[in-house]
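Participant: give me a model of this one.
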Amino acid sequence: MKKLLLLIVFGFIIGSCSVDNNTTETVDQNLTAQIAEENSIYGNYKGVFTTLNSDFRATVDINILKPDNSSLVSTLPMATLYLSNGDIVVAHSIQPSSVTGVKNMVFTAENLIFSFSVNSDGTNPIISNVSYKNLEGSILIAKNTLRAPVTPISGTYVCTVCSGPVGNNGEQTFNLLFVGDPTGNTNITSQITLEGNTYNGLGVQNSCNISGTASICTLASGDGTTGSPAFTTLGGRSVYFDGFHNYNNQTSNNAVDCSGIFGNWSFEAAAGTVSGTFESDNQCPLFTENFDNFTGNGFTPNPVSGQLDSNLYAITGFSDGNLSFGGSATGGDFARGTSAAGVTAGGIYSFEVATGNYAIGVQPGGSDFTPGTITIKVTNNSPSTFTSVRVMATTYVNNNEGRSSSIGFAYSLDNSTFIDLIDTFNTPVGASGNAFIFVGTINTPIDLSSTPLAPGSTIYIQLNSDDVAGSGSRDEFAIDDIKVTGM
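Facilitator: As a prediction, the model looks like this:
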């Protein structure tokens, strides 16, 4: 009996060792196969795309699979473009791949054509001859591997201090390609359109902090040192950027991916320094309003055309009283209608700050909005918890009067205690015209790491104003394109 037990135990030990050896061999084989694929033309490539006129941009995914004679169609090289407008374009190539490398493999789809080349070891992937909807384009690409994962992010930039080639061109492309750990220190390649050209620049990501499900890292152009440019234009002028990358660490398929980038840029143009902001297309919007459908007809909890939803707005500081969330105010100070500029009666207007572009605005008076507030109620209706939010808005002033007013922004989690977002800025003292001028863009992150914004929770964003200096009547001012995003 003892001999039998010894044989059983010995057999179990031998079997256990055999299983461990088999497991080790399988892991080694998988690792060897993975490294072999990473060092070949086969595998996955990721990148970013733009047309030179910035009308279209996308993230790009290309798969080059090993030929399989039993399933020719399924192994055809395939490229997928995920455009920022929501469209998806799938292109194929009928050119067979070769272990010796690929030279000008042509991908085609309706409205899309480009050529793909790569060395036999998977290095130096290049996309050329890009055309989408008969528009010349550019694709920046890198091989995506477990050791060097690639994270493509498409986005745009706008000018806020403007002159020269970026003065009035609206949004232009600002794409970034991260090669390496997206939650840690890594290198960046930028793809930016300027003056009808596309430039690929350099940058770095560092100083990453993990907060809950998000990693928040800083971005800088060049090698990250002060004064290091992303690239130099054809005219020899330098472009710089700095900002933040918020990366969602959640792996669940049900997670809302709120990864995104935002920051500031500057460009040494011939007419002087111009600057502005950039942001990614992929954001988690909590509140967005461009006021183009607001005609100054007041506020109600069930708004009709031309009105705003009072469930989202509360207002104080007018002689006609205050408006609480959910209340109604469809006349007097709360509904002064539409104007281009030059009004005198205190109240809330829909100001046409540029041809066809309307914004919510205020004409302050002796008993109107001095001081005053407009508070926006922003609720997290997503399934995600946010450790930060970002507030963006554009501001305009009609400096047609002698007295200046302050314009400030603040936030609160209880609609009682408000914390200033940015330094208050003031309208000018002394009149200089009778038309709205663009003042600047608010682009401010709010750190909520100590009190995250959970699903169903609310944050309040407030505009405030008061008299500052001067005498006589007050300038009109307007706020447009308000956007609050979760990160």
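
Participant: show me the helices in this protein, by range?
Facilitator: 2-38 (DSSP state H).

Participant: where does pLDDT dip in it?
Facilitator: Residue ranges of the chain with pLDDT under 70: 1-37, 68-74, 97-99, 163-169, 211-214, 234, 248-258, 423.

Participant: nearest residue to the middle of it?
Facilitator: residue 280 (2.4 Å; Cα atoms, centre = their mean).

Participant: distance check, it against residue 229.
Facilitator: With the distance defined as Cβ to Cβ, to the nearest Å, residue 280 ends up 21 Å from residue 229. Placement of C-beta: from N, CA and C, glycine included.

Participant: cool, and residue 135?
Facilitator: 28 Å.

Participant: which one's more surrounded, these two?
Facilitator: residue 229 (20 against 15; other Cβ atoms under 10 Å).

Participant: list the contacts of the more buried one.
Facilitator: 201, 221-222, 238-240 (Cβ atoms under 8 Å, 6 or more residues apart in numbering).

Participant: which one (most neighbours) among those?
Facilitator: residue 221 (26 neighbours).

Participant: out of everything not next to it in sequence, what's closest to it?
Facilitator: residue 230 (3.7 Å; Cβ to Cβ, 6 or more residues apart in numbering).

Participant: the one you found touches residue 200, doesn't it?
Facilitator: No: using Cβ atoms under 8 Å, residue 230 is not in contact with residue 200, being 9.1 Å away.

Participant: which residues are in contact with each of these two?
Facilitator: Counting by Cβ under 8 Å, 6+ apart, the contacts common to residue 230 and residue 200 are residue 190.

Participant: more neighbours: the two, which one.
Facilitator: With neighbours defined as other Cβ under 10 Å, residue 230 and residue 200 compare such that residue 230 has more, 22 against 15.

Participant: residues in contact with that one?
Facilitator: Here residue 230 is in contact with 190, 192, 199, 201-203, 221-222, 239-241 (criterion: Cβ under 8 Å, 6+ apart).

Participant: if we use 6 Å, what do you get?
Facilitator: For residue 230, the contacting residues are 190, 201, 203, 221, 239, 241, by Cβ atoms under 6 Å, 6 or more residues apart in numbering.

Participant: among the residues you listed, which are in strands?
Facilitator: 190, 201, 203, 221, 239, 241 (DSSP state E).

Participant: contacts only, for the fourth one.
Facilitator: Right, residue 221. By Cβ under 6 Å, 6+ apart, residue 221 lies in contact with 203, 229-230, 240-241.

Participant: please redo it, this time with the cut-off set to 10 Å
Facilitator: 188, 190, 201-204, 227-231, 238-243, 263, 265-266 (Cβ atoms under 10 Å, 6 or more residues apart in numbering).

Participant: pull out the buried residues from those.
Facilitator: 188, 190, 201-204, 229-231, 238-241, 243, 263, 265-266 (16 or more other Cβ atoms under 10 Å).

Participant: returning to what we had before: and the contacts of residue 229, which is closest to residue 485?
Facilitator: Nearest to residue 485 among the contacts of residue 229, counting by Cβ to Cβ, is residue 221 at 23.0 Å.

Participant: check the gap between that closest one and residue 240 for me.
Facilitator: 5 Å.

Participant: overlap in contacts of the two?
Facilitator: 201, 203, 227-231, 265-266.

Participant: tell me the contacts of the closest residue to residue 456 other than its chain neighbours?
Facilitator: Nearest non-adjacent residue to residue 456, counting by Cβ to Cβ, 6+ apart: residue 380, 6.5 Å away. Counting by Cβ under 10 Å, 6+ apart, residue 380 touches 284, 286, 386, 389, 452-459, 484, 486.

Participant: ok, 7 Å please
Facilitator: By Cβ atoms under 7 Å, 6 or more residues apart in numbering, the residues touching residue 380 are 286, 386, 453-457, 486.

Participant: one more: residue 82?
Facilitator: 58-59, 88.
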